[in-house]
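Peer 1: No letters, just coordinates:
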């Protein structure tokens, strides 16, 4: 049973760390398995971590969409699955943490809390670096 700490909602993000890490690792692992070769994985790892490329989505022309930071499909998918899915979802309990603003179409829009996005983006970076180092026998470890 999920116990909700209403007095410290931002402190709750760290309790999702394990689940975030697990889902991100599965996505990165699948991506790297599709690449197949150690040199291909190394090239992909370096390219993705260079200038935080792992945070940007790829446009239809194959280029990074640099005006859309933190909208990489991996980041979006993990945020949706971990924080917005299910009856006991974080977003259900802490809807008030999602600031609102008026969008260009006149509709009210909600923004994700920065700690939520930072947790997932950090997990993606860590997973890419860890998978790369594991393929090369390095001792790089990411915190649990």
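Peer 2: That came through fine. Worth saying up front: this structure is predicted, and the values here are computed from it rather than measured.

Peer 1: Run the chain-centre distance for the longest helix seen in the chain.
Peer 2: For the chain, the helix reaching the highest residue count under DSSP state H is reported as helix 114-135. A distance of 7 Å separates the C-alpha centroid of helix 114-135 from that of its chain, computed with CA atoms, centre = their mean, to the nearest Å.

Peer 1: That one packs against which elements?
Peer 2: In terms of contacts (3 or more CB pairs under 8 Å, 6 or more residues apart in numbering; DSSP states H and E), helix 114-135 is packed against helix 17-35, helix 38-49, helix 73-83. Where you see a C-beta, it was placed from the backbone N, CA and C, and this is true even at glycine.

Peer 1: And residue 100, its phi and psi?
Peer 2: phi -110, psi 150 (degrees, to the nearest 10).

Peer 1: Just want the phi and psi numbers for the closest residue to it other than its chain neighbours.
Peer 2: Sequence neighbours aside, residue 108 is the residue nearest to residue 100 in space, at 5.1 Å (criterion: CB to CB, 6 or more residues apart in numbering). Main-chain dihedrals, residue 108, degrees, to the nearest 10: phi -70, psi 130.
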